[in-house]
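Asks: Turn this into a model:
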Amino acid sequence: MAAPRTAQLKVDGCEDREVTYVQYKFNQQIDVEGQPTGTTRGGVINLKVKSTDAGNTDLLEWTCDSYGSKNGSITWPNKLGGIMKTLSFVDAYCVSYEEVYDDTNTDRMYESITITCRQLTVTGKGSVEYDNHWAL
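Replies: Predicted coordinates:
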């Protein structure tokens, strides 16, 4: 089966979602001269996904479970129908959830979430793994 033509969010125990927006970043503190002074920080992912037609509340349930970590991934398709890039996360918590209904928008109902994770891996042409080294 060919890969979907849109980015997809997959989270353990949750229904797959079509991603319409994703943002994640890594950064380092710098001094007044612009020289790095600290370690790299990262592991926070902001997403906007289309709500499911079934009215599924699984992402909200994940947010309300303060101790419920999950694993998952976001995949981006390439023009040929394969996978261009995958962002995988381990020991992740959904720390922010918002659901919006907007009849003036093409995607009338969507969910915006923020995920923080212990480990994040980005694979595409290369591979980068980042670990926050949380105390477990």
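Asks: show me the biggest strand of this protein in terms of residues.
Replies: strand 83-101 (DSSP state E).
Asks: Just list whatever residues bridge to the spatially most central residue of the chain.
Replies: Residue closest to the average C-alpha location in the chain (Cα atoms, centre = their mean): residue 45, at 4.6 Å. Under DSSP bridges, the beta-bridge partners of residue 45 are residue 24, residue 115.
Asks: ok, now which ones touch residue 51?
Replies: 99, 109-111 (Cβ atoms under 8 Å, 6 or more residues apart in numbering). (C-beta placed from N, C-alpha, C; glycine too.)
Asks: any idea which of those is the one closest to residue 9?
Replies: Closest approach to residue 9 among these (Cβ to Cβ): residue 111, at 9.8 Å.
Asks: shaky segments in the protein?
Replies: Within the chain, the ranges that satisfy pLDDT under 70 run 1-4.
Asks: can we see that at 80?
Replies: 1-4, 105-107, 136 (pLDDT under 80).
Asks: Quick one: the strands in it, in order.
Replies: Per DSSP E, the chain carries strands over the ranges 8-11, 17-24, 44-50, 70-77, 83-101, 109-123, 127-131.
Asks: The nearest residue to residue 8 once chain neighbours are set aside bridge partners, please.
Replies: Counting by Cβ to Cβ, 6 or more residues apart in numbering, residue 75 is the residue found nearest to residue 8 once chain neighbours are left out, at 5.2 Å. Residue 75 has these beta-bridge partners by DSSP bridges: residue 8, residue 86.
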